[in-house]
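Chemist: prediction below, plus the sequence it came from.
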Amino acid sequence: MGRAVIINAIRFVLLIATQVFLLKNTGYYNLSVPYLYILFILLLPFNIPNGLLFLLAFVTGLTVDVFYDTLGLHALACSVMAFVRIIFISITVQRDGFDNEPEPRLGIMGFRWFVFYAIILAFFHHLVLFIFEAFRLSDLGHTLVRVVLSSLLSTFLILVTEFVFYRKKVR
């Protein structure tokens, strides 16, 4: 238990630092903006209590909000993403498998499941973030293009990061 807390704390610091210091001003004509920090929420263990999951998601988003000056947009998007994560995992993962698969990693859950998981959660995070950022229906088409392109770019970066730290499941 203590080892998992330390690993997740280090993961939190590294992902937030990467997001803030490396990826903050990265993007493609403001159409595709990468948000790698959501990987922290994606990789939280399956058996984490829902209250703690929401708290960690909110704190993660709020930490990014401090550096981005977005007044709670990332906190809202991360909280919605945590809700979608709970629903997605309850639908796709069997309750009996929690002991054998402690966290939703690429090497543990498989490529197809992890890609689908990352795309769905990134899409909902970006949808909430960009809809509330624009906050007008006249830009809906442009906002949806931003959501799709940013979700794809973020998912690509998440997959690259997962492949760098890829460990095959030991049976």
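Modeler: Here it is on my side, so go on.
Chemist: and the lowest-mean-pLDDT helix or strand in the chain, what's buried?
Modeler: One helix or strand of the chain scores below all others by mean pLDDT, DSSP states H and E: helix 106-109, with a mean of 80. Neighbour-count burial for helix 106-109, counted by 16 or more other C-beta atoms under 10 Å, picks out Leu106, Ile108, Met109. Placement of C-beta: from N, CA and C, glycine included.
Chemist: now these in JSON lines, with distance to Ser32?
Modeler: Below are the buried residues of helix 106-109 laid out as JSON lines (distance: C-beta to C-beta, whole Å):
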{"residue": "Leu106", "distance to Ser32": "22"}
{"residue": "Ile108", "distance to Ser32": "29"}
{"residue": "Met109", "distance to Ser32": "26"}
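Chemist: pLDDT wise, what is Asp139 at?
Modeler: Note on Asp139: pLDDT of 86.
Chemist: phi and psi next, for it.
Modeler: Asp139 adopts backbone torsions of phi -100, psi 20, taken as degrees, to the nearest 10.
Chemist: distance of it from Leu23?
Modeler: 23 Å (C-beta to C-beta, to the nearest Å).
Chemist: hmm, Tyr35 and Gly27 touching each other?
Modeler: No. Under the criterion of C-beta atoms under 8 Å, Gly27 is not in contact with Tyr35, lying 10.2 Å apart.
Chemist: the two: which is more packed in?
Modeler: Tyr35 (23 against 15; other C-beta atoms under 10 Å).
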